[in-house]
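S.K.: can't give you the sequence, but here's the structure:
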Ligand code: BG6
C-alpha cells in the first residue's frame, strides 16, 4: 500500500524552549518554575538531572538545524521561553534573548524550515508564579502583554503561532496529581487555572488578529480519546463522556467553539467549583477562537463506571467519577509503559471533522518514548529504532485514512527532533530522530528513524 500525502504537507517535529535551550541562568534569563523546583527538590527529577542539562540548543542551534534538515524537516515547532524573553515575566525585555530568537528563526528560514512558535510550554516565570501563576488574573494580563511583544518582535517572519501547549497538563500536574509545580491537590484552584488559560489564549488570539500580521494562530491540545469499557452499558458510556469533558472538551470547546462544555459546567456548579469569571471575559472567549488546531496524540483513555471505593484525595477529584480500565486487547509500548493505539489518532481527527467544523489541524506531537534506548546502538554508533519506524508507519497510515475521509489535516510533527530533557522524567524516555549522548559532550547522531523520515518527507509519503 502506498500512502501519498497532500502537497505542502508539513513534515517535522516539535520541541520546546525549556526542554532544549539550556543556559538556564545565562545571558539574562530569569527563573522559571522548573529552575526553581529543581533547586528546591532535585530528588524529584530522574537521576537528579535538572533543566540546566538540556541539549544546549542555545549554543548549538546551527548544528541542530542542520540535523533537522537532514531528517526531512520542512517545519519545526518550538516555544519561546517567557522567562528568557522577559526575565521576571512582566518587566523589561532581555535584548540577548531577542538576539537569540532572531538568529534561531532566521537560521530555520534560511534552511527552508518554517518556524512554528508556541508561547507557553509549562514554563511559568517564577516571579509570576509567586503572584499566583495561572490562578491570578494579573498573570493573564502579563501573558497577553508577553504574547503581544512576541508578535511584535517575530511576527514579521513567523506565520504560525500557538498560544499554549497542552494547557490541561499544568492543571493536572500542578493542581491535581502533583507532577508539576506547585504540586498541590485542589480541584477548585485547578478549575480557575484552566479557565484562566483559556481566557489568556483567547486574549492572545484577539491581540494577534488585531495586529493584522497575516499568519495563523492556534493552540496545541493533547487529546486522549476516551473509550468506554462497554458501549452498551450507559454508565460506562456516561463515565467515558465525563472523562472526555474533563480532559479533552474542557479546552477543545472554548478554543474551537468559544464555549465550555455544558456537562462539565453543570458538574462544577453542583460542586460549587465554577471559576471566578465575568460576562465580558466569556464574550472574549466566545469571539476569539483558533484558526488552527495542533493535536498531540500519544495514548487513549479506557474508562469504566466508578466501581472502586478508592479516592485519590479527600477533596473532589475528576477520578471520583470514573475508573480507568485495562482493555484486554491493548498493545503496550514495551519500552515506556504506555498503550499504543494507532486508531486513536484517526478518532481524534474524525472528532474535529464532525464536531468542530473541520477546522485546519495537524498532528503536532506523536511519538514513542523508549527507556534505555542505548541498547539498540549498532557498531557504527547509530540507534536502530525499527520499532519507532513501525510506530510512525502505523500512525501515519491512520492520518492518511483520515485525510482520505475528508479531515482537514495539514501536517505531521513527531515528538521529537532530538532526544531531550523532559521535566521530572529528564532523559529517562528517549523520543528523538537524533540521539544525544550524555556521556560524550551531548554528541548528536541521526537514528535509523531519522533517515527513514527524510525519505518519507522527500517523497511526501511512504
Ligand atoms: C508531551 C509534552 O506530552 O510529552 C512534552 O508536550 C514531553 O513536553 C513529552 O516531553 C514526553 O513526556 P515523557 O514524560 O514521556 O518524557
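M.R.: Structure received. Every value quoted in this text rests on a predicted model; they were computed, and no experiment measured them.

S.K.: and stretch 141-154, which residues are buried?
M.R.: 142-144, 146-151, 153-154 (16 or more other Cβ atoms under 10 Å). No exception for glycine: its C-beta is placed from N, CA and C like everyone else's.

S.K.: the residues you listed also near the ligand: which ones?
M.R.: Residues of the buried residues of stretch 141-154 in contact with the ligand (Cβ under 6 Å from any ligand atom): none.

S.K.: next step: those residues restricted to helices.
M.R.: Per DSSP state H, helices hold the following members of the buried residues of stretch 141-154: 142-144, 146-151, 153-154.

S.K.: redo these as CSV? Include pLDDT.
M.R.: Output for those, formatted as CSV (pLDDT from 0 to 100):
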residue, pLDDT
142, 98
143, 99
144, 98
146, 98
147, 99
148, 98
149, 98
150, 98
151, 98
153, 98
154, 98
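
S.K.: residues of the stretch 151-300 of the chain that sit close to the ligand?
M.R.: Contacts of the stretch 151-300 of the chain with the ligand, taken as Cβ under 6 Å from any ligand atom, map to 165-166, 222, 296.

S.K.: which of those residues fall in strands?
M.R.: 165, 222, 296 (DSSP state E).

S.K.: kindly reformat these as CSV containing neighbour count and pLDDT.
M.R.: Putting those into CSV (neighbours: other Cβ atoms under 10 Å; pLDDT from 0 to 100) gives the following:
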residue, neighbour count, pLDDT
165, 25, 98
222, 21, 98
296, 21, 99
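
S.K.: tell me which parts of the stretch 351-462 of the chain are close to the ligand?
M.R.: 365, 369, 415, 422, 425, 429.

S.K.: can you check the pLDDT for the first one?
M.R.: The one in question is residue 365. With respect to pLDDT, residue 365 scores 98.

S.K.: cool, the fifth one as well?
M.R.: Note for residue 425: predicted pLDDT of 97.

S.K.: for residue 112, give me its contacts.
M.R.: 69, 74 (Cβ atoms under 8 Å, 6 or more residues apart in numbering).

S.K.: tell me the secondary structure at it.
M.R.: When classified by DSSP: H, G, I helix; E, B strand; the rest coil, residue 112 comes out as coil.

S.K.: any idea how far it is from residue 329?
M.R.: Remark: distance between residue 112 and residue 329 (Cβ to Cβ, to the nearest Å) = 43 Å.

S.K.: and for residue 209?
M.R.: Distance from residue 209 to residue 329, by Cβ to Cβ: 46 Å.

S.K.: follow-up on the earlier one: could the buried residues of stretch 141-154 go into TSV alongside distance to residue 357?
M.R.: Converted to TSV, the buried residues of stretch 141-154 look like this (distance: Cβ to Cβ, whole Å):
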residue	distance to residue 357
142	32
143	27
144	26
146	29
147	24
148	27
149	31
150	27
151	25
153	32
154	29
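
S.K.: my read is that residue 436 contacts residue 419, right?
M.R.: Yes: between residue 436 and residue 419 there is a contact under Cβ atoms under 8 Å: 4.4 Å.

S.K.: the more surrounded of these two?
M.R.: Shown here are residue 436 and residue 419; by other Cβ atoms under 10 Å, residue 419 has more neighbours (25 against 22).

S.K.: just the closest residue of the protein to the ligand, please.
M.R.: For the chain and the ligand, the shortest gap (Cβ to the nearest ligand atom) falls at residue 422, measuring 3.2 Å.

S.K.: beta partners of that residue?
M.R.: residue 426 (DSSP bridges).

S.K.: dump the residue contacts of it.
M.R.: Residue 422 touches 19, 428-429, 431, counting by Cβ under 8 Å, 6+ apart.

S.K.: now, of those, which are buried?
M.R.: 19, 428-429, 431.

S.K.: including pLDDT, could these go into a markdown table?
M.R.: What follows is the buried ones among the contacts of residue 422, written out as a markdown table (pLDDT from 0 to 100):
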| residue | pLDDT |
| --- | --- |
| 19 | 98 |
| 428 | 97 |
| 429 | 97 |
| 431 | 98 |
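
S.K.: between which two of the residues you listed is the distance greatest?
M.R.: Farthest pair in the buried ones among the contacts of residue 422 (Cβ to Cβ) is 19 and 428. Separation: 13.1 Å.

S.K.: what's the helix or strand for residue 389?
M.R.: Assigned by DSSP states H and E, residue 389 belongs to helix 386-404.

S.K.: that helix packs against which elements?
M.R.: The criterion is 3 or more Cβ pairs under 8 Å, 6 or more residues apart in numbering; DSSP states H and E, and the helices and strands that helix 386-404 contacts are helix 343-355, strand 409-414, helix 448-459.

S.K.: about what we covered before: wait, which of the residues of the stretch 151-300 of the chain next to the ligand is closest to residue 66?
M.R.: Distances from residue 66 to those, taken by Cβ to Cβ, are shortest for residue 165, at 25.1 Å.

S.K.: touching, the closest one and residue 122? I think so.
M.R.: Yes: judged on Cβ under 8 Å, residue 165 makes contact with residue 122 at a distance of 7.3 Å.

S.K.: the helices in the stretch 201-350 of the chain, which residues?
M.R.: 234-244, 250-252, 262-270, 279-287, 343-355 (DSSP state H, counting those that start in this stretch).

S.K.: that older thread, for residue 209 and residue 329, indicate the residue with more neighbours.
M.R.: The neighbour comparison of residue 209 against residue 329 (other Cβ under 10 Å) goes to residue 209, with 13 against 5.

S.K.: contacting residues for that one?
M.R.: 217, 288.

S.K.: kindly report the same for residue 75.
M.R.: Residue 75 neighbours (Cβ under 8 Å, 6+ apart): 10-12, 113-116, 160, 411, 413.

S.K.: so can I have a markdown table of those showing pLDDT and neighbour count?
M.R.: Shown next, in a markdown table, are these (pLDDT from 0 to 100; neighbours: other Cβ atoms under 10 Å):
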| residue | pLDDT | neighbour count |
| --- | --- | --- |
| 10 | 98 | 22 |
| 11 | 98 | 20 |
| 12 | 98 | 26 |
| 113 | 98 | 18 |
| 114 | 98 | 18 |
| 115 | 98 | 21 |
| 116 | 99 | 29 |
| 160 | 98 | 22 |
| 411 | 98 | 24 |
| 413 | 99 | 26 |
